[in-house]
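Participant: Would you be able to build a 3D model of this:
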Amino acid sequence: MLLRPQIGWSVPELTGFNFNGGLRLSPEFAALMLGLVIYTSAFIGEIIRGGIDAIGKGQWEAGRAVGLTDRQVLSRIILPQALRVIIPPLTTQYLSTVKNSTLALAVGFPELGLVVGTVINQTGQAIESILVLLLVFLTISLSVSVFMNWYNAKAALVIR
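Facilitator: You can find the predicted model right below:
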């Protein structure tokens, strides 16, 4: 059985009446990416909208009063304040996205859970395989959490 790559890229060339080459995605991977991107982007968009709405209208008015454009007010006044509200729920959403990647099992994409299941069926080493799966998810989750906590501490308001 030949194993074909899940993702492949080559320069597209016109041969006959059709193109050969270009970006090749498996249907499983495309379905997984589409599902995760739409689901996660909706939540992240709502988190960012809520963070910006949490900043009072007085901040917008103060920025306009000193002659800043709306873009300058947003980038220099509103977003730095909103980040303090946005970062904690955004951390939770990123960790949830890591866990939601097991959606791949539903569409048959051979992600880590399916690979571990295959290893268990072929070797019978269930405990070791599950431990490897847990360690991989724990490492990814802790890495995301440590980075976001570092960024949250960096963006936090310093009280003197």
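Participant: Strands of the chain, start to end?
Facilitator: Taking DSSP state E as the test, the strands found in the chain are 7-15, 18-25.
Participant: Dump the first one to PDB, restricted to CA.
Facilitator: As requested, the backbone C-alpha atoms of strand 7-15 are provided in PDB (Å, rounded to 0.1, in the frame of the first residue of the first chain):
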ATOM      1  CA  ILE A   7      -0.400  17.900   2.100                       C
ATOM      2  CA  GLY A   8       1.600  18.400  -1.000                       C
ATOM      3  CA  TRP A   9       2.700  21.400  -3.000                       C
ATOM      4  CA  SER A  10       4.300  21.800  -6.400                       C
ATOM      5  CA  VAL A  11       4.300  24.500  -9.100                       C
ATOM      6  CA  PRO A  12       1.100  24.100 -11.200                       C
ATOM      7  CA  GLU A  13       1.600  23.400 -14.900                       C
ATOM      8  CA  LEU A  14      -0.900  23.400 -17.700                       C
ATOM      9  CA  THR A  15      -0.900  19.900 -19.400                       C
END
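Participant: List the residues that contact the residue nearest to residue 74 when sequence neighbours are not counted.
Facilitator: The shortest distance from residue 74 to any residue other than its chain neighbours is 8.0 Å, reached at residue 52 (CB to CB, 6 or more residues apart in numbering). C-betas here are computed from N, CA, C, even on glycine. Residues in contact with residue 52 (CB atoms under 8 Å, 6 or more residues apart in numbering) are 74, 78-79, 82.
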